[in-house]
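only geometry, no sequence info:
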């Protein structure tokens, strides 16, 4: 059983910061939209400048895994669960600007070279948790699919009521960006994005699409569920 998001914020001592950030969920008055868009573009330039592909996230020694206390999030009315009777067997499609489009079952995904790392999860609401993700590096999937050099963006598409978020290619190819099927030593549960999701500590939580069905390598960015509503598109950490 998971605790609700607000209780988790109280436990972590971040409820004040979270309340401030969570309240900023609209674009604000139209008169300020141009200024906000300008500020976001400038922020992205700075974030891209600070990003280092070789920098690795590391947790503080002695920290505990969040486990069942990790808040769940989805936009559907109920927890999204892949129904094989209705949809057939789940597969992950990898396409777009690639030489070899892939369609992987969960069994095929698990059979690929795996990585298991303990990293931080950074939420836009202000709290941080430590988690151990197990999965396949996205860079390995890109290699298998033969991604074209002209691909500058990656769109992660979900069966959670059409949720998606697009990323810059550099963040997607970071060594700690994975398509995860395991969390804290167990196979991913429906509450946290089963059968598979994208995860990377270089992006804020809302950029890490759960309930993954497609990964599309593209020449242009395609926005995202939250970034289309005024949240920062880059969402870097």
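Nice, thanks for sending it over. Remember, predicted model here, so these are calculated numbers, not experimental data.

Which residue ranges of the protein form helices?
For the chain, the helices defined by DSSP state H cover 5-12, 15-23, 30-50, 84-87, 106-111, 138-145, 169-172.

Surely residue 188 and residue 195 touch.
Yes - shown here, residue 188 and residue 195 form a contact pair, counting by CB atoms under 8 Å, at 6.7 Å. Every C-beta, even on glycine, is put in place using the N, C-alpha and C of the backbone.

what about residue 159, distance to residue 168?
Distance, residue 159 to residue 168, by CB to CB, to the nearest Å: 24 Å.

Also residue 116?
Between residue 116 and residue 168 the distance is 25 Å, computed by CB to CB.

In terms of neighbours, single out the busier of these two.
In this view residue 116 and residue 168 are compared by other CB atoms under 10 Å, and residue 168 has more residues nearby, 20 against 12.

Kindly tell me how buried residue 220 is, as a neighbour count.
Neighbour count of residue 220, defined by other CB under 10 Å: 8.

can you pull the buried residues of stretch 57-76?
Residues of stretch 57-76 classed as buried: 57, 59, 65-66, 70-72, 74 (neighbour count, 16 or more other CB atoms under 10 Å).

just how off-centre is it within its chain?
13 Å (CA atoms, centre = their mean, to the nearest Å).

What's the end-to-end length of that stretch?
31 Å (CA to CA, to the nearest Å).

for stretch 129-147, same thing?
32 Å.

Next, the buried residues of it.
129-138, 140-142, 145, 147.

Hmm, residue 194 is touching residue 183, no?
No - with contact defined as CB under 8 Å, residue 194 does not count as touching residue 183 (9.1 Å).

Show me the shaky parts of the protein.
Low-confidence segments of the chain (pLDDT under 70): 1-54.

for it, which strand is longest?
Criterion DSSP state E: the longest strand present in the chain is strand 128-137.

can you state the direction angle for it and helix 138-145?
Taking axes from the mean of the first three to the mean of the last three CA atoms, to 10 degrees, one finds strand 128-137 and helix 138-145 inclined to each other by 20 degrees.

which secondary structure elements does strand 128-137 contact?
Counting contacts by 3 or more CB pairs under 8 Å, 6 or more residues apart in numbering; DSSP states H and E, strand 128-137 packs against strand 115-122, strand 178-183, strand 197-199.

Listing partners with orientation, what would you give for it?
If you go by DSSP bridges, strand 128-137 pairs up with strand 115-122 (antiparallel), strand 178-183 (antiparallel).

Highest mean neighbour count out of these?
Across the strands paired with strand 128-137, the average number of neighbours (mean count of other CB atoms under 10 Å) peaks for strand 178-183, which reaches a mean of 24.

so how far is that strand off the chain centroid?
Relative to the chain's own centre, strand 178-183 is displaced by 11 Å; criterion: CA atoms, centre = their mean.

how close does the closest residue to residue 110 other than its chain neighbours get to residue 195?
What sits nearest to residue 110 in space, not counting adjacent residues and going by CB to CB, 6 or more residues apart in numbering, is residue 181, at 6.2 Å. Counting by CB to CB, the gap from residue 181 to residue 195 is 6 Å.

Which neighbours do these two have in common?
Both residue 181 and residue 195 are contacted by 106, 188, under the criterion CB atoms under 8 Å, 6 or more residues apart in numbering.

So the residue nearest the centre of the chain versus residue 86, what's the distance?
The residue lying closest to the centre of the chain (CA atoms, centre = their mean) is residue 208, at 0.8 Å. Counting by CB to CB, the separation of residue 208 from residue 86 is 26 Å.
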